[in-house]
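Below: sequence and its predicted model.
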Amino acid sequence: VAMGEASLFAVGRLRSELVVWRDKFLKDATVNAGRIATVDAQLAALGTVPEDGDEPAAVAARRAELLLLRQDLRAPRLLAQEAHARANGIIGEFDAIALQRETAELGVRSPTPLNPTHLASAVATLWGLTSVITVELDAGIKAGQESGALTLVMPRAVLLFIVGIGLLGIGRRFVTSWREKLEVRADRWRPAQLFLLSLVQLVVPIVGLLITTEALRMLGIFGLRSGDVLDAIPAAGGTVIFGWWLSRHVFPAGGSNGFLGYDPQTRAKGRRYTASLAWVLALGILMDAGLRTIDTTTEVGAAIAWPILAVLGVLFWQMGRVIQTAPEEIEGKVVSVGRMRGYLGRFCVVVAIVAPVIAAVGYVAAGRAMLIPAIMSVALVGVLQLMQRIGHDFTLSHESEEDSRGLHALMPVFISLALYLASMPVFALIWGASVNDLAELWTRFSEGYSIGETRISPTDFVMFVAVFSVGYILTRFIQGTLRKSVMPRTRFD
């Protein structure tokens with residue numbers, strides 16, 4: 001590591017081991033706490049040393065014995081604190097090495113992927129990948145037929161395949177029609193029911209996709225590269241399903257304008273571009289999985305990646321224009337002026353132009369690190385807006401005017417704040433932060449600060465806020481119960 005020859009994988013393994021030891025050292029930093037407190041109480045009971053130093057010999061001997069015992073008890077804590085500081089410093093050095101190498105990779109410039117020679121090599125590589133997968137599947141089917149293994153697993157595989165396809169198709173349509181019927185009902189719990197059905201609408205096809213993938217894997221006909229592509233099907237299919245789900249909620253079909261208030265033509269464009277982005281991203285996931293075990297040059301890899309980035313850029317540019325569209329004016333309905341969506345749309349347009357351009361001049365890694373996280377961030381913003389609207393509708397659906405005042409009126413604000421705070425780690429992961437980075441931030445947050453021999457942790461304040469919030473909610477609940485159920489039956493005001 002010191003010579004700079006260790007790989008990022010090796011650095012990550014060493015860092016993981018050090019994190020375990022650092023947590024152990026932090027725990028050992030409070031060892032003997034109860035025994036030290038007892039000794040301190042004993043010393044306090046002996047009182048202070050007289051100014052003239054004249055005290056009974058037995059008391060002086062006992063005081064010296066206790067001070068020596070206290071030093072012995074504190075020694076393991078001091079050593080643990082020193083080891084914790086050392087481990088913390090080494091972990092910081094490892095993080096700096098990883099960040100430096102990742103930053104250097106983004107700044108590496110390869111030959112332009114628009115060179116016809118590289119494009120021809122890229123096409124030949126993809127054709128070779130297709131041929132290899134075809135040969136692997138053919139060999140796997142023949143081997144399974146000759147050994148009889150394919151015949152044995154075929155009934156179970158077919159059954160699972162039928163179940164998976166049924167959940168992907170029929171199950172999704174059933175849940176969708178169920179949700180459309182529920183939308184016309186007037187019920188206080190309708191927002192919560194719609195939210196749960198939305199989750200079911202997303203989970204059912206994903207479960208069907210996983211079952212279908214498992215049915216294909218059960219056949220045992222896939223080789224090295226075809227197996228990599230098969231393993232990537234859940235991620236690629238999940239991207240398509242999520243894009244379909246999000247487009248139907250942000251840009252709904254039918255007579256509803258949705259919570260963003262777009263006109264029917266704009267909503268149709270939004271659904272079309274969202275689905276197209278999801279399909280292109282899924283194709284990129286499958287291509288990356290297939291090319292993972294193929295030895296390709298940097299030029300060929302750039303020539304393969306750039307067309308995907310270019311198509312994503314065009315679609316993302318169109319999506320930015322859709323987002324910038326002003327909401328439709330509806331009589332009797334308050335719609336936003338669209339200022340934030342204007343900023344978001346301009347962000348999409350700028351990224352959609354800049355990322356493919358810098359990739360075309362050779363900075364493919366930088367272009368990819370800019371465009372794909374931007375698409376995922378806009379999708380996350382759409383999810384946040386959807387969750388915020390569901391929470392707003394649920395908290396404002398009260399039967400009486402009295403219920404819509406006080407704490408209930410502030411609930412949409414609290415829900416929005418909680419959603420945006422919870423989304424910050426997700427945004428960090430999207431833009432390149434690792435789980436180790438977030439775990440490191442949480443560890444440093446949990447450690448708190450040492451003042452003398454006392455350690456103050458921010459989690460103590462979080463616990464205080466949580467206990468106070470629970471107590472406040474219970475108090476309001478009891479007050480409401482007394483006001484509605486008990487007080488009307490008495491003569492008290």
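Looks like it came in fine. What you see is a predicted model, and the numbers here were worked out from it, not measured in a lab.

rest of the way, CA atoms for contacts and neighbours
Noted.

Now do the contacts for V357.
G367 (CA atoms under 8 Å, 6 or more residues apart in numbering).

roughly how far apart are it and L277?
Note on V357: its distance to L277, by CA to CA, to the nearest Å, is 19 Å.

What of I133?
Using CA to CA, I133 is found at 26 Å from L277.

Where does the residue most central in space within the chain fall, secondary structure wise?
Geometric centre of the chain, nearest residue: V426, 3.8 Å, by CA atoms, centre = their mean. Element membership of V426, judged by DSSP states H and E, is helix 407-430.

which parts of that helix are buried?
M411, P412, I415, S416, L419, F427, A428, I430 (16 or more other CA atoms under 10 Å).

show me the contacts for the nearest residue to S416 once chain neighbours are set aside.
Of all residues not flanking S416 in the chain, Q388 sits nearest, at 5.8 Å (CA to CA, 6 or more residues apart in numbering). Taking CA under 8 Å, 6+ apart, we find Q388 in contact with P412, I415, S416, L419.

What is the nearest of those to W21?
Nearest to W21 out of the contacts of Q388 is L419 (CA to CA; 33.9 Å).

so what does the helix holding V426 touch, helix or strand wise?
Packing contacts for helix 407-430, counted by 3 or more CA pairs under 8 Å, 6 or more residues apart in numbering; DSSP states H and E, involve helix 364-395.

The same query, at a cut-off of 10 Å, please.
Helix 407-430 sits against helix 364-395, helix 435-447, with contacts defined as 3 or more CA pairs under 10 Å, 6 or more residues apart in numbering; DSSP states H and E.

ok, and what's touching the particular helix or strand that has L14 in it?
Element membership of L14 [criterion: DSSP H and E] is helix 8-28. Contact partners of helix 8-28, identified using CA atoms under 10 Å, 6 or more residues apart in numbering, comprise 1, 6-7, 29, 31, 76-88, 90-95, 97-99, 101-102, 436, 439-440, 443, 447.

which element follows that helix toward the C-terminus?
Using DSSP H and E, the helix or strand that follows helix 8-28 towards the C-terminus is helix 33-46.

Can you check what angle separates the following helix or strand past that following helix from helix 8-28?
Beyond helix 33-46 on the C-terminal side, the first helix or strand identified by DSSP H and E is helix 57-106. If you take axes from the mean of the first three to the mean of the last three CA atoms, to 10 degrees, helix 57-106 sits at 160 degrees to helix 8-28.

report the angle between the axes of helix 57-106 and helix 364-395?
Using the same axes, to 10 degrees: helix 57-106 against helix 364-395 is 120 degrees.

Run through the neighbouring helices and strands of helix 57-106.
Contact analysis of helix 57-106 by 3+ CA pairs under 10 Å, 6+ apart lists helix 8-28, helix 33-46, helix 364-395, helix 435-447 as its packing neighbours.

Please identify the next secondary structure element, helix or strand, after that helix.
On the C-terminal side of helix 57-106, the nearest following helix or strand under DSSP H and E is helix 116-147.

For that next one, buried residues please.
118-119, 121-122, 125, 129, 132-133, 136-137, 140-141, 144.

tell me the mean pLDDT over that helix?
Across helix 116-147, pLDDT averages out at 88.

looking just at contacts, which helices and strands does that helix meet?
Judged by 3+ CA pairs under 10 Å, 6+ apart, helix 116-147 is in contact with helix 149-166, helix 224-250, helix 264-291, helix 298-324.

Quickly compare those and say which is most buried.
Highest mean neighbour count of these: helix 298-324, a mean of 22 (counted as mean count of other CA atoms under 10 Å).

Report the angle between it and helix 264-291.
160 degrees.

Who are the packing partners of helix 298-324?
helix 116-147, helix 264-291, helix 339-360, helix 364-395.

Run the angle between it and helix 339-360 for me.
Using the same axes, to 10 degrees: helix 298-324 against helix 339-360 is 160 degrees.

quick one, helix 298-324 and helix 116-147 angle?
Put simply, helix 298-324 runs at 100 degrees to helix 116-147, going by the same axes, to 10 degrees.

Report the mean confidence score over helix 298-324.
In the prediction, helix 298-324 has an average pLDDT of 91.
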